[in-house]
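No letters, just coordinates:
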């Protein structure tokens, strides 16, 4: 009987335990979803902007619903160091700031040119920080970005991350890494880092802000040194074997008509040879795609062998030009964002 009473007492004790293991209840936390880090040159201060989820406003049926609370709210704070700026957020928040659910980190161009090393050091050392967060660079106003309300999503940070991944997989136009990848690249020689860019803009008669992706910012060390346009960042994807789908538009052989070609599979082999005047890189790439659409006025049968061979050469030329533009632009700034150094 004593043994049964002891077991019953243990069960009652276990079932009576409640709350968080570390005594931090969710209702006491301000959960950060996205962060933007900025460098104010005039004051030599770091400025951090955060987007915080508002549980009372989530699930309101869209970012433009009327009468309900906003699904997020924003805070910002300054500091002489990144950690000082983050800790100063506590002076403006009624709840404890937590980075355990942060999924996006954006660096402004001003901060990226100054160097992202101190911010990465903070995020790596902070015990609650998520190194799976996706980084990006913006040339726009950080306050506009962090407060942007986007269609079909309650939280801007969640919309940013989904847009990053969608653009990466559907168009191969946004380099996707996480903070863990970026930190690893910086800690070992042989490859510089690249990030996608995100900008906000206004459209007349539309919701307050829209987001545009599809270009790249590349670094030497931890400092921003140059920008890629859409085709150059696509060239980086070709070289880095990060292509999933790529839509291409080429002119039909022997006419002015346009043909839409979608690339859906690629493979490549990179190697190098040593020559008297230096090292020569060799790239052998296989590209598979299909014709998705063409002008209805075309009279040439796309089944004709010579037509298809000419079309394949035109597609190969587009790919080659994208690759060359990406390499030449990086070489102008002394950056190796392709990992050629590791290959050698």
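Structure's in. What do you need? Just so it is clear, the model here is predicted, and its values are computed rather than measured. Numbers count the residues shown, from 1 in each chain.

can you give me the strands in this protein?
Taking DSSP state E, the strands of the chain run over residues 29-40, 45-53, 72-79, 96-98, 104-108, 134-138, 194-196, 199-201, 210-212, 216-220, 223-228, 246-251, 258-275, 278-294.

got those strands as CSV, with distance to residue 341, mean neighbour count and mean pLDDT columns?
C-beta: built from backbone N, CA, C; applies to glycine. As requested, these are exported to CSV (distance: least, CB to CB, whole Å; neighbours: other CB atoms under 10 Å; pLDDT from 0 to 100):
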stretch, distance to residue 341, mean neighbour count, mean pLDDT
strand 29-40, 28, 23, 95
strand 45-53, 31, 23, 96
strand 72-79, 35, 18, 94
strand 96-98, 38, 16, 91
strand 104-108, 23, 25, 97
strand 134-138, 21, 25, 97
strand 194-196, 14, 25, 97
strand 199-201, 31, 17, 84
strand 210-212, 32, 14, 80
strand 216-220, 12, 23, 96
strand 223-228, 16, 19, 97
strand 246-251, 26, 16, 89
strand 258-275, 11, 14, 85
strand 278-294, 10, 12, 85
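
quick one, which of the ones you listed is nearest to residue 154?
strand 72-79 (7.5 Å; CB to CB).

what are the pairing partners of that closest one, and which direction each?
Using DSSP bridges, strand 72-79 pairs in its sheet with strand 45-53 (antiparallel).

Tell me the gap between the partner strand and the middle of its chain.
18 Å (CA atoms, centre = their mean, to the nearest Å).

same thing with stretch 27-34?
With CA atoms, centre = their mean, you get 22 Å for stretch 27-34.

ok, and what's touching it?
Residues from elsewhere that reach stretch 27-34 (CB atoms under 8 Å, 6 or more residues apart in numbering): 50-53, 72, 75, 93-106, 146, 155-158, 160.

Please enumerate the helices of this protein.
For the chain, the helices defined by DSSP state H cover 2-16, 82-87, 109-114, 117-125, 142-146, 156-171, 179-187, 230-239, 305-332, 340-343.

Please tabulate those in TSV and include mean pLDDT as additional columns.
Shown next, in TSV, are the helices of the chain (pLDDT from 0 to 100):
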stretch	mean pLDDT
helix 2-16	69
helix 82-87	96
helix 109-114	97
helix 117-125	95
helix 142-146	92
helix 156-171	90
helix 179-187	93
helix 230-239	92
helix 305-332	91
helix 340-343	79
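
among these, which is nearest residue 250?
helix 305-332 (4.5 Å).

quick one on the thing from earlier: need the winner for burial among the helices of the chain.
helix 230-239 (a mean of 22; mean count of other CB atoms under 10 Å).

So what angle separates the directions of that one and strand 278-294?
110 degrees (axes from the mean of the first three to the mean of the last three CA atoms, to 10 degrees).

which helices and strands sit right next to helix 230-239?
Packing partners of helix 230-239 (3 or more CB pairs under 8 Å, 6 or more residues apart in numbering; DSSP states H and E): strand 194-196, strand 216-220, strand 258-275, helix 305-332.

same thing but 7 Å
Under the contact definition 3 or more CB pairs under 7 Å, 6 or more residues apart in numbering; DSSP states H and E, helix 230-239 sits against strand 216-220, helix 305-332.

The first one pairs with which strands, parallel or anti?
When sheet partners are counted by DSSP bridges, strand 216-220 sits next to strand 194-196 (antiparallel), strand 223-228 (antiparallel).

isn't residue 107 right up against residue 137?
Yes. Counting by CB atoms under 7 Å, residue 107 touches residue 137, with 5.3 Å between them.

Share the number of residues neighbouring residue 101, please.
Residue 101 has 15 neighbouring residues, counting by other CB atoms under 10 Å.

List the beta-bridge partners for the closest residue to it other than its chain neighbours.
Residue nearest to residue 101 in three dimensions, not counting chain neighbours: residue 31, with 5.0 Å by CB to CB, 6 or more residues apart in numbering. Beta-bridge partners recorded for residue 31 (DSSP bridges): residue 98.

Could you do residue 51 as well?
residue 34, residue 74.

contacting residues for it?
By CB atoms under 7 Å, 6 or more residues apart in numbering, residue 51 lies in contact with 32-34, 72, 74, 146, 156-157.

now, the most widely separated pair of these?
Largest pairwise distance in the contacts of residue 51, by CB to CB, is 12.0 Å, between 32 and 156.

so how many other residues sit close to residue 334?
10.

returning to that earlier point: may I see the helices and strands packed on helix 230-239 arranged in a markdown table, with distance to residue 279 as well?
Formatted as a markdown table, the helices and strands packed on helix 230-239 follow (distance: least, CB to CB, whole Å):
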| stretch | distance to residue 279 |
| --- | --- |
| strand 216-220 | 19 |
| helix 305-332 | 13 |
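
quick one: which of these is nearest residue 282?
Residue 282 sits nearest to helix 305-332 of all these, at 12.4 Å, using CB to CB.

now the closest one, how far from the centre of its chain.
26 Å.
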